[in-house]
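Engineer: just a sequence and a predicted model for now, questions to come.
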Amino acid sequence: MIIALGISYFLAYFIVKAFKKHLFKPIILFDIHGVLLKGDFNLEDFTEIPGTRKLIHQLRNKYTVAAFTNMSSELYGFWSKKWDFEGSFDYTFCSGRIGVKKPDEASFKRILRVLGVKAKDVIFFDDVEANVASAKKVGIRGVVFKNPAQAREALEAMGVKAY
């Protein structure tokens, strides 16, 4: 009986993830530095960009939300603990883990394979134009992030409601 409950719980987790991933499209992919946090992470003077976390949490109620950062896994782990944003994302992609950095198109192709979605089903926000341009080359809808209000407007223009 206990084994059956354990197996059911384990399978339910993956079923819910798959259900959410396929039913609630698109997937919203955010860069960390310049979108959620600003400043120089090497000098440890990061500050949070007001409003981005709220937008992410509102989106996460309806959509799959992921993060893609060029930070190493170790550096991401440090900042994730310090800023408590690990629970903000369904998936986190670090260049150090996937073996390729933005703006390399291969990085976006690898993320699409892991997520198991088509490029047109992803909306990517990054403050670096070259990264957004690279995402667009593989078919991802990309937006150069300026602030959370602009991101919300861009999402609504694409039919995504954050509330």
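Structural biologist: Sure, I can see it.
Engineer: which residues in this protein form strands?
Structural biologist: Taking DSSP state E, the strands of the chain run over residues 27-30, 37-38, 47-48, 65-69, 91-94, 122-126, 141-144.
Engineer: including distance to residue 76 and mean pLDDT, could those go into TSV?
Structural biologist: To be clear about C-beta, it is placed using only N, CA and C from the backbone, and glycine gets the same treatment. Listed next are the strands of the chain as TSV, based on distance: least, CB to CB, whole Å; pLDDT from 0 to 100:
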stretch	distance to residue 76	mean pLDDT
strand 27-30	13	97
strand 37-38	11	89
strand 47-48	16	88
strand 65-69	6	96
strand 91-94	5	95
strand 122-126	16	98
strand 141-144	21	98
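Engineer: need these in TSV with distance to residue 58, can you?
Structural biologist: Formatted as TSV, the strands of the chain follow (distance: least, CB to CB, whole Å):
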stretch	distance to residue 58
strand 27-30	11
strand 37-38	18
strand 47-48	16
strand 65-69	10
strand 91-94	18
strand 122-126	14
strand 141-144	17
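Engineer: just the ones you listed: most buried one?
Structural biologist: strand 122-126 (a mean of 26; mean count of other CB atoms under 10 Å).
Engineer: okay, now the unreliable bits of this structure?
Structural biologist: By pLDDT under 70, the low-scoring segments of the chain are 1, 4-6, 8-25, 41-44.
Engineer: quick one, helices of it?
Structural biologist: In the chain, helices defined by DSSP state H lie at 2-23, 52-60, 73-83, 95-98, 105-115, 129-137, 148-157, listed in chain order.
Engineer: now those helices as JSON lines including distance to residue 46 and mean neighbour count?
Structural biologist: JSON lines is the format used below for the helices of the chain (distance: least, CB to CB, whole Å; neighbours: other CB atoms under 10 Å):
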{"stretch": "helix 2-23", "distance to residue 46": "30", "mean neighbour count": "10"}
{"stretch": "helix 52-60", "distance to residue 46": "13", "mean neighbour count": "18"}
{"stretch": "helix 73-83", "distance to residue 46": "7", "mean neighbour count": "15"}
{"stretch": "helix 95-98", "distance to residue 46": "18", "mean neighbour count": "16"}
{"stretch": "helix 105-115", "distance to residue 46": "23", "mean neighbour count": "17"}
{"stretch": "helix 129-137", "distance to residue 46": "19", "mean neighbour count": "18"}
{"stretch": "helix 148-157", "distance to residue 46": "17", "mean neighbour count": "16"}
